[in-house]
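J.: below are the sequence and a predicted model for it; my questions follow.
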Amino acid sequence: AQSVAQPEDQVNVAEGNPLTVKCTYSVSGNPYLFWYVQYPNRGLQFLLKYITGDNLVKGSYGFEAEFNKSQTSFHLKKPSALVSDSALYFCAVRDTGGGKLIFGQGTELSVKP
Amino acid sequence: GAVVSQHPSRVICKSGTSVKIECRSLDFQATTMFWYRQFPKQSLMLMATSNEGSKATYEQGVEKDKFLINHASLTLSTLTVTSAHPEDSSFYICSARAQGVGYNEQFFGPGTRLTVL
């Protein structure tokens, strides 16, 4: 069965510092991986995806993620955090059967000035 | 970019009443729409997958007679919570997947906050 794990419930970062939000996955076959961000009382906004190709994927708002097959990870990164990046972040993998998304537990990112 | 809307954004109802939530893809045709519910600070739980013109596929543990899903057109899916009770209070989010280009992506609506008194 496909699954995604986000080991950290919360990540705290000072503004201007680099940030990493961790995600590991378990799939059979090639993974389709996604990152989404959710602001309070809002739906999810797409950040980036990995389907195939370069392991480093660049996305919206300066975010990027690195696909690491040997470590089965897809960590989200940003070189310099902004206070406005504070939100809930979800990693997801697309189920190879029906195409539905399987989400991680979510990581709350807090960026302090 | 692809836009998905939900209506209403917020609804408060009395216990025992039914509530309908609409999900529309505004600038693309969605062959498949997904309905999720989310509790505070928790992940999204998939409730059901709906394909245009056919019956929805419900996830294990989701009561299909309580959560009625209709996907009558390529741009509209509805979720009706029948005989709502306080434990149905939650944030309901839909997403839509496009035909053809962008097939691998789901586009999410802004969510509907349901409060059952």
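T.: Cool, the structure landed. Numbers count the residues shown, from 1 in each chain, chains lettered A, B, ... in the order given.
J.: then stretch A:94-101 to CSV, C-alphas only?
T.: C-alpha atoms of stretch A:94-101 as CSV (Å, rounded to 0.1, in the frame of the first residue of the first chain):
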residue,chain,number,x,y,z
ARG,A,94,-0.6,9.6,-6.0
ASP,A,95,-2.0,6.2,-5.7
THR,A,96,-1.0,4.1,-8.7
GLY,A,97,-4.4,2.3,-8.7
GLY,A,98,-7.2,4.8,-8.8
GLY,A,99,-5.2,8.0,-9.0
LYS,A,100,-6.3,9.4,-5.7
LEU,A,101,-3.9,11.4,-3.5
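J.: and that stretch, what's buried?
T.: Under the neighbour-count criterion of 16 or more other Cβ atoms under 10 Å in any protein chain shown, stretch A:94-101 has A:94, A:100, A:101 buried. Every residue, glycine included, has its C-beta placed from N, CA and C.
J.: out of those, who's near chain B?
T.: Checked against chain B using Cβ under 8 Å from any Cβ of the partner chain, the buried residues of stretch A:94-101 yield the following neighbours: A:94, A:100, A:101.
J.: if we can go back for a sec, which of the buried residues of stretch A:94-101 scores worst on pLDDT?
T.: Lowest-confidence member of those: residue A:100, scoring 83 (pLDDT).
J.: residues from chain A in reach of chain B?
T.: Residues of chain A found near chain B, taking Cβ under 8 Å from any Cβ as the criterion, are A:32, A:34, A:36, A:41-46, A:49, A:51, A:88, A:90, A:94, A:98-106, A:108.
J.: what about residue A:85, distance to chain B?
T.: Taking Cβ to the nearest Cβ, to the nearest Å as the measure, residue A:85 falls 17 Å from chain B.
J.: skipping its backbone neighbours, what lies nearest that residue in space?
T.: Computed as Cβ to Cβ, 6 or more residues apart in numbering or on different chains, the closest residue to residue A:85 that is not its neighbour in sequence is residue A:111, at 5.2 Å.
J.: mind checking which helix or strand the one you found is in?
T.: With elements delineated by DSSP states H and E, residue A:111 resides in strand A:107-112, which encompasses its position.
J.: buried residues in that strand?
T.: By 16+ other Cβ under 10 Å, the buried positions in strand A:107-112 come out as A:107, A:108, A:109, A:111.
J.: contacts for stretch B:36-54 next, please.
T.: Where contact means Cβ atoms under 8 Å, 6 or more residues apart in numbering or on different chains, the residues beyond stretch B:36-54 that reach it are A:44, A:88, A:90, A:98, A:100-106, A:108, B:30-35, B:56-59, B:62, B:64, B:67, B:69-74, B:77, B:79, B:90-95, B:111.
J.: by mean pLDDT, point me to the weakest helix or strand of chain B.
T.: Ranked by mean pLDDT, DSSP states H and E, the weakest helix or strand in chain B is strand B:106-108, scoring a mean of 88.
J.: other SSEs contacting that strand?
T.: With contacts taken as 3 or more Cβ pairs under 8 Å, 6 or more residues apart in numbering or on different chains; DSSP states H and E, strand B:106-108 sits against strand A:44-50, strand B:90-98.
J.: winner for burial among those?
T.: Mean neighbours per residue, mean count of other Cβ atoms under 10 Å in any protein chain shown, is largest over the helices and strands packed on strand B:106-108 for strand B:90-98, with a mean of 24.
J.: I'm done for today, thanks for sticking with me.
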